[in-house]
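**Q** This is a predicted model, with the sequence first.
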Amino acid sequence: MIGIYFSYWWVLIPAIVLGLIAQSSVRSTYAKYREVRSARGITGAEMARRILSGHGVEGVPVEQVAGELSDHYDPRSRTLRLSRGVYAGASVAALGIAAHEAGHAIQHARAYAPLALRNTVYPVARFGSNLGPIIVFGGLLLGIGEPLISIGIVLFSVAVAFSLLTLPVEFNASSRALAILSQDRYLSEDELQGARKVLNAAALTYVAAALASVLTLVRLLMLRRR
């Protein structure tokens, strides 16, 4: 039974390859453009606060968080958190990432539908992403088969839906960020191209994650059929 669980591993190869490419791309692109200081000379934290204020988003603190590329917007506490290099940095990369995270806060304030839906499924998705495959494994190991496997697949399907919903949320946040950076003249045209490359590289990691979740679901379905 354990041998059956580890079969069909080859289904995940495209996601593994894309994931490695995405991680390498985002780190190399970020490393390049964090060395390019913007002409405006403002920090990522200041950029985020200006964008939030300029778009009528109140009550969203901008905080520094540990780690590199750990930047995120937390919709539960309505807090925008930036890594040290972005929070205090004045590089093209820092301003692009800060604007992207501010874009998420604007989405939340404007009740952007994909973000609202993603937030709704998050509790089940977080539960199902880890527990779903374990339940499938339990069904195979115990010989119970169909009932447990089906439950595990349903739970993991919610996690897949979460990954797919993440794509429009991330793409839209980047589009908002680049539009603001251009229209409000925070970055020159050359600097804007650099920020776009950083955000596009980051977007590829979400595409890789979505592909991995979809192919994992395909693998679980193949296991159930077998």
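**A** Cool, got the structure.
**Q** now this structure, which segments are flagged as low pLDDT?
**A** By pLDDT under 70, the low-scoring segments of the chain are 1-7, 140, 142-145, 226.
**Q** What ranges does it have for its strands?
**A** 62-65, 72-74, 79-83 (DSSP state E).
**Q** I'd like those strands as TSV, with mean neighbour count and distance to Ala99 appended.
**A** C-beta: built from backbone N, CA, C; applies to glycine. Conversion of the strands of the chain to TSV gives the following (neighbours: other C-beta atoms under 10 Å; distance: least, C-beta to C-beta, whole Å):
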stretch	mean neighbour count	distance to Ala99
strand 62-65	16	12
strand 72-74	18	12
strand 79-83	22	11
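**Q** Quick one: closest of these to Gln23.
**A** strand 79-83 (16.1 Å; C-beta to C-beta).
**Q** residues in contact with Gln107?
**A** Leu115, Val169, Asn172, Ala173, Arg176 (C-beta atoms under 8 Å, 6 or more residues apart in numbering).
**Q** For those residues, which single residue is the most surrounded?
**A** Ala173 (24 neighbours; other C-beta atoms under 10 Å).
**Q** Report the separation between the closest residue to that residue other than its chain neighbours and Ser175.
**A** In this structure, Ala173 finds its nearest non-sequential neighbour in Gly103, 3.6 Å apart by C-beta to C-beta, 6 or more residues apart in numbering. Counting by C-beta to C-beta, to the nearest Å, the separation of Gly103 from Ser175 is 8 Å.
**Q** cool, and Gly85?
**A** Where Ser175 is concerned, Gly85 sits at a distance of 23 Å (C-beta to C-beta).
**Q** Show me which of these two is the more surrounded one.
**A** Gly85 (20 against 13).
**Q** quick one, helices of the chain?
**A** 2-5, 13-33, 44-54, 84-87, 92-109, 113-142, 146-183, 189-225 (DSSP state H).
**Q** if we can go back for a sec, closest to Arg219 out of the strands of the chain?
**A** It is, among those and with distance given as C-beta to C-beta, strand 72-74, at 28.8 Å.
**Q** Need the residues that contact the closest one.
**A** Residues contacting strand 72-74 (C-beta under 8 Å, 6+ apart): Val65, Thr79, Leu80, Arg81, Glu101, Ala102, His104, Ala105, His108.
**Q** Quick check: the two most widely separated of these?
**A** So, those by C-beta to C-beta: farthest apart are Val65 and His108, at 17.9 Å.
**Q** I'd like the strands of the chain laid out as JSON lines, including distance to Phe127.
**A** What follows is those, written out as JSON lines (distance: least, C-beta to C-beta, whole Å):
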{"stretch": "strand 62-65", "distance to Phe127": "24"}
{"stretch": "strand 72-74", "distance to Phe127": "19"}
{"stretch": "strand 79-83", "distance to Phe127": "23"}
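**Q** With that, I have no additional questions.
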